[in-house]
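*Asks:* Coordinates for the following, if possible.
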Amino acid sequence: MDLRRLAITKPIYFYTPITRPLTCVTSTTSTAPQQLNPPLNLTDSSSSYNPNPNNNNNNNNNNQSLLPMLSSILSKPSLDSSKCKQLLPLLCPPDFDRFFMALFPRVNPKTTLNFFYLASQSFNFHFTLRSYCVLILLLLLSNQSSPARLLFIRLIDGKLPLFSPTINHIQIATALADLNTLFKEVPGVMAVDLLLHLYCSQFKNVGFTCAIDVFFTLADKGMFPSRKTCNFFLNTLVKANELQKTYQVFETLSRFASLDVYLCTTMINAFCKGGRIQEAVALFSRMEDLGISPNVVTYNNIIHGLCKSGRLNEAFRIRQNMAKQGVQPSLITYGVLINGLIKFDKFEEANSVLMEMSDNGFVPNEVVYNTLIDGYCKMGNIDEALRIKDDMLSKGRNPNSVTFNSLMQGFCRIGQMDHAEHLLQEMLSSGLSINLGAFGSVIQWLCLKSRFDSALHFTKEMLLRNLRPNDGLMTTLVCGLCMDGKDHEAIELWFKLFEKGFAANTVTSNALIHGLCKAGKMQEAIKLLKEMLQRGFVLDRVSYNSLILGCLEEGKVEEAFRLKEEMFKRGIQPNIYTYNLLIHCFSNMGKMEDARKVWGECKRHGIVSNVYTYAIMIDGFCKVDRIEEGQNLFNELVTNKMELNAVVYNTMIKAYCKNGNIMAAFKLRDDMKSKGVLPTIATYSSLIHGMCNMGLPEDARQLFVEMRGVGLSPNVVCYTALVGGYCRLGQMDKAWSLLQEMSSYNIQPNKITYTVMIDGYCKLGNMKEAAKLLGEMVKNGTVPDAVTYNAFTNGLCKERRMDDAFRICDHMASEGQQLDEITYTTLIHGWHQLSALSNQE
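*Replies:* Numbers count the residues shown, from 1 in each chain. Below is the predicted model of the structure:
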C-alpha cells in the first residue's frame, strides 16, 4: 500500500506526564486547524547562532524587525517572491526558526511550503531540523499528508539542506517529541504515525532498528503512536519475524497505553509464533479482565498456537468457549483445527471436524483439502489422499500445484515411482508450478531405483525452468549415470549446470571425475578435467585420489605415483585413502615388499593407518602364502586396540581355510563373535570351502543350519562350495539334491555351479547327465566358458569320443571362445591314448 496516498484522519490525543499509565484516546472526527498563540520569546538551542557577538543587542533588535515582514509573506494565500528576495539575505536559520515558532500555525501551509522550497533552492538557505518538523506538522494539520510524507522521506535520506550538517532518526524523533511538549494542543502524533510508517515500509531495508529507536525515544518522552499505528507497527515486526523486538514494544505499550482487541490479537499471534504459548494464553485470559472481547481472529490465533504446540484439548475447549461467547468460527478456525489434528496423526478427529465444517455450511477451501491430502500422503495412505482429492473435485475445488506436489511425494514415499513420474509429467504438461522439494523427491527416488534416464530427463526440466537442483542430488545423479555407463550424459549435465549459472560444486565435480576414472575412462576424465580447470575448478585431495585410482585401474602405476608427488608440490597432503590405493595396487600384484615401502612412507608423513590399510596388507600376505606375516599384522591390530571388522577376520579365515588350517579358521570365527563382529556370508562360504576341501561336506552342510539361525541365507557361492565338496567325493546324487534345493530357495546356479557339476559327472563317466546339464545351462541363459567346455571335453576324451570332443572345440570357436592350453593338452592327451589303445589292439 502506498502510504503517500493514504488519507490520515486527524485524531485528538490527550497526554499527561508519565506519573501513571498513559491512555491514548483516538477520535476520527476531522477538526479544522486550531489557531495557537505561543509566546514570541520561545527559545531553542539553535537560536544561539550569532555571527557577530560584538553587536548582539543591535542584531537582535534588527532581526526582530524582520518578524512582521516574514508574517506578511507566510500568511498570504500565495508566495510573494519579490518580498522573499528582500527578506532572505537578512535572515539566518536560527532566527527563522525562532520566528516560525512564533507564527505557527497562523501561517498559510501552502505558501510556507513554497517559501521553504524557494529559500533552499534559490538562496541555498539551510533550515533547522525543528523548522522542517514544524512545517511537517503544519502540513498534516492541513490534511496535506503527501508533501509532509515527502519532506520526511527527504529528511531521512539526508537530501534536505539543513543548518546542522548531519542528523539521524533519533534527532528527528526527539524534535517531534519536543514540539509536542511545546504545543500541547497540536496533534504531533500524526507526524509520529507517519514517521513510523515510513521506517516500517519504505525504509525497512535498513532494518527495524531505526523504527524501534524512534518508538522508544518517543516513549521516553511520554509520546506514543495512535492505536492503529501501534497495531501496524507490531504486525510489521511479527511478519518480519522480529519477535524479540515485538515483545519489547508491547511490554512498553502495555504499561503506558491502553490496549484494544487488535493489539492483543497481534501479540497473541506473536507469542504463538515465538513458541511462548503460555504467555499467549495468559494474555488471552487477561483480555477478559480488561473487558476486551476477543474476535474471531483472536480465537483463531490462540487456537492455532495451541494446536501447533500439541495442546489440542485446550484448543478444542477454547473453540467451545468461542461458540458460547457468540463468536462464529470461520473457515480459518476449522482449517487450523484440521491442520493441528493432522500434524499429530489424528485423522479420524480431522475428518469429524471436516464433517462439522460442511454441516455448518462451510465448503473447505484448497488449503484445508491440501492439509488433509498432505497428511495422508506423509503417513503413506495414498488411497485416502486420492479419495480426498476426488471429494475436492466434487465440491468444485480444483487441485492446485500444492495438491499435486503432495501426491507426488506421497507416491515416492511408498515407492510407486510410475505414478509419481506420470504425475510429474502431467504437471509439466499442464504448466503447473512444481516446487523444488517435489522435483527433488522424484529425482532422488528415481536414482535410488536406478532409473537414471528418467532422473536425467526431469533434471533437465528443472534447469529449463531455472530451478537449481541441490548439490547432493546432482552428486547422486552424476554417480548413478557413471555407474550405469552413461558417462557422456553425466558430462553433458555438468556443462549444462555451468551454462545455467548453477555450476556444480567440488563434490559433484569430483564424483564425475571419480566415476570416469573408476570406469577406466582416463582419457575422458583428463579431457573433462582440463575443461573444468578452465572454468575455475580447483583440484583438491579428492580430485587427485580419483585420478590416482584411474591410473591404477589402467595399470599406470608410475603415473599414479607422479600424481602423488604432484599433490605434495601443490601443498595438498595425501591422506590414508591415497596411500591405501597405492598399497592395494602392489598388494594385488603380489609385490608385498613394495607395498611395505609405500606403507612406511605413509607412516613417515604422520598419516595414521586405518583398519582398511591393515586389511589390504593382510590380504596381500595371505595371497602369497605368507600367512604368518598376515597373522602378525592381525595381532598388531588387536594390540593397538583398533576396531576390527568382518573384512579383516574374513581375510584371515579365508587364508587359513585355503591352506588347510581349518581349526585356526574356526577359532577366528569364534573370536569375531566374542568381539561383537557378526560373521557374514563371506565368513561361512570360506569355512564351507575349507571343510569341503578336507572331504567333510556333511560337516560343512551343518554350517547352513547355523547360518540360517543367525539370519543369514546361504547364497550361490555357499551352495557351489558344498556342491563341489560332494562332487569331489563322487556323491552326485547329493550334489543334484543341493541343486534342487537351490531352486526351491530361488537361487540360480551360476557358471561355476554348473561347471563343478558337469566336471563331477564327467569324472564318473556319466556323459549323458553331463551333456544334459550343459544343455540346461545354455537354456537358462548361463553362458559356458572355456573351463566348462574343457571339463566336458576331458570327459569325452576319457570315453574315447574324440570326434565329439573335436565337435565341442569347433562349437567353442564358433561361439567366440578361445581354445586355451588346457583344451589343446586335453585333446592331444585323448588322441594319444586312443592311438596307443589302437596299436595295442
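*Asks:* Just confirm Gln748 contacts Tyr719, I think it does.
*Replies:* No. Gln748 is beyond contact range of Tyr719, at 10.3 Å (criterion: C-beta atoms under 8 Å). (Glycine included, C-beta is placed from N, CA and C.)
*Asks:* who touches both of these two?
*Replies:* Listed as contacting both Gln748 and Tyr719 by C-beta atoms under 8 Å, 6 or more residues apart in numbering are Met742.
*Asks:* Looking at the two, which is more packed in?
*Replies:* Tyr719 (22 against 11; other C-beta atoms under 10 Å).
*Asks:* following whichever strand or helix holds the more buried one, which helix or strand comes up?
*Replies:* With secondary structure defined by DSSP states H and E, Tyr719 is part of helix 716-728. As assigned by DSSP H and E, the chain's next helix or strand after helix 716-728 is helix 732-744.
*Asks:* And the pLDDT for the residue lying closest to Ser293 once chain neighbours are set aside?
*Replies:* Leaving aside its sequence neighbours, Ser293 sits nearest to Val261 (C-beta to C-beta, 6 or more residues apart in numbering; 6.7 Å). pLDDT recorded at Val261 is 91.
*Asks:* I'd like the numbering to begin with 8 instead of 1 from here.
*Replies:* With 8 as the first residue, the last one maps to Val268.
*Asks:* Next up, phi/psi of Val268, please.
*Replies:* Main-chain dihedrals, Val268, degrees, to the nearest 10: phi -60, psi -30.
*Asks:* what's the answer for Phe134, then?
*Replies:* The phi/psi pair for Phe134 (degrees, to the nearest 10) is phi -70, psi 160.
*Asks:* residues near Ile179, how many?
*Replies:* There are 23 residues near Ile179, going by other C-beta under 10 Å.
*Asks:* returning to that earlier point: I'd like to know how far the residue nearest to Ser300 sits from Lys280.
*Replies:* 18 Å (C-beta to C-beta, to the nearest Å).
*Asks:* just Val790 next, same as before
*Replies:* For Val790, the distance to Lys280 - C-beta to C-beta - is 67 Å.
*Asks:* the more surrounded of those two?
*Replies:* Lys280 (18 against 11).
*Asks:* Can you list the low-confidence ranges for the stretch 58-207 of the chain?
*Replies:* Counting by pLDDT under 70, the stretch 58-207 of the chain contains low-confidence ranges at 58-70, 190-194.
*Asks:* can you pull out the helices in it?
*Replies:* 63-71, 73-82, 88-94, 100-110, 116-129, 136-148, 152-164, 176-189, 196-207 (DSSP state H, counting those that start in this stretch).
*Asks:* starting at the chain centroid, how far to the last one?
*Replies:* Put simply, helix 196-207 sits 39 Å off its chain's centre (C-alpha atoms, centre = their mean, to the nearest Å).
*Asks:* circling back to that earlier point, for the residue nearest to Ser300, give me its contacts.
*Replies:* By C-beta under 8 Å, 6+ apart, the contact list for Val268 reads Met294, Ile299, Ser300, Pro301, Asn302, Thr305.
*Asks:* Tell me the one of the residues you listed nearest Ser337?
*Replies:* Relative to Ser337, the closest of the contacts of Val268 is Asn302; by C-beta to C-beta it sits at 10.2 Å.
*Asks:* quick one, what contacts that closest one?
*Replies:* Counting by C-beta under 8 Å, 6+ apart, Asn302 has contacts Val268, Thr272, Val334.
*Asks:* Compute the number of surrounding residues for the last one.
*Replies:* The number of residues packed around Val334, counting by other C-beta under 10 Å, is 18.
*Asks:* Likewise for the second one?
*Replies:* Residue neighbour count, defined by other C-beta under 10 Å, stands at 26 for Thr272.
*Asks:* Cross-check the contact I'm expecting between it and Asn308.
*Replies:* Yes. The criterion here is C-beta under 8 Å, and Thr272 meets it with Asn308 at 6.0 Å.
*Asks:* Would you mind measuring from the nearest residue to Gly347 once chain neighbours are set aside to Leu435?
*Replies:* Closest residue to Gly347 apart from its sequence neighbours, by C-beta to C-beta, 6+ apart: Cys314 at 2.6 Å. Using C-beta to C-beta, Cys314 is found at 35 Å from Leu435.
*Asks:* Neighbour count for those two, which is higher?
*Replies:* Neighbours were counted for Cys314 and for Leu435 using other C-beta under 10 Å; Cys314 has more, 23 against 16.
*Asks:* Might one say that that one is in contact with Asn320?
*Replies:* No. Using C-beta under 8 Å, Cys314 is not in contact with Asn320, being 10.5 Å away.
*Asks:* returning to what we had before: now the helices of the stretch 58-207 of the chain in a markdown table, with distance to Asn372?
*Replies:* Below are the helices of the stretch 58-207 of the chain laid out as a markdown table (distance: least, C-beta to C-beta, whole Å):
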| stretch | distance to Asn372 |
| --- | --- |
| helix 63-71 | 70 |
| helix 73-82 | 58 |
| helix 88-94 | 62 |
| helix 100-110 | 57 |
| helix 116-129 | 49 |
| helix 136-148 | 42 |
| helix 152-164 | 38 |
| helix 176-189 | 42 |
| helix 196-207 | 30 |
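*Asks:* which residue is nearest the centroid of the chain?
*Replies:* The chain has Asn477 as the residue nearest its centroid, 7.7 Å off, counting by C-alpha atoms, centre = their mean.
*Asks:* And for the nearest residue to that one once chain neighbours are set aside, the neighbour number?
*Replies:* Spatially, and ignoring its direct neighbours in sequence, Asn477 is nearest to Gly447 (6.3 Å; C-beta to C-beta, 6+ apart). Per other C-beta under 10 Å, the neighbour tally for Gly447 reads 20.
*Asks:* just checking, Gly447 is part of a helix?
*Replies:* Yes. According to DSSP: H, G, I helix; E, B strand; the rest coil, Gly447 belongs to a helix.
*Asks:* tell me which element Thr305 is part of?
*Replies:* helix 303-315.
*Asks:* what are the C-alpha coordinates of that helix, in PDB please?
*Replies:* The C-alpha coordinates for helix 303-315 follow below in PDB (Å, rounded to 0.1, in the frame of the first residue of the first chain):
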ATOM      1  CA  VAL A 303     -12.700 -14.500  15.500                       C
ATOM      2  CA  VAL A 304      -9.100 -13.600  14.600                       C
ATOM      3  CA  THR A 305      -8.100 -13.600  18.300                       C
ATOM      4  CA  TYR A 306      -9.700 -17.000  18.700                       C
ATOM      5  CA  ASN A 307      -8.000 -18.300  15.500                       C
ATOM      6  CA  ASN A 308      -4.600 -17.100  16.700                       C
ATOM      7  CA  ILE A 309      -4.800 -18.800  20.100                       C
ATOM      8  CA  ILE A 310      -6.300 -22.000  18.700                       C
ATOM      9  CA  HIS A 311      -3.500 -22.100  16.100                       C
ATOM     10  CA  GLY A 312      -0.800 -21.600  18.700                       C
ATOM     11  CA  LEU A 313      -2.300 -24.400  21.000                       C
ATOM     12  CA  CYS A 314      -2.600 -26.800  18.000                       C
ATOM     13  CA  LYS A 315       0.900 -26.100  16.900                       C
END
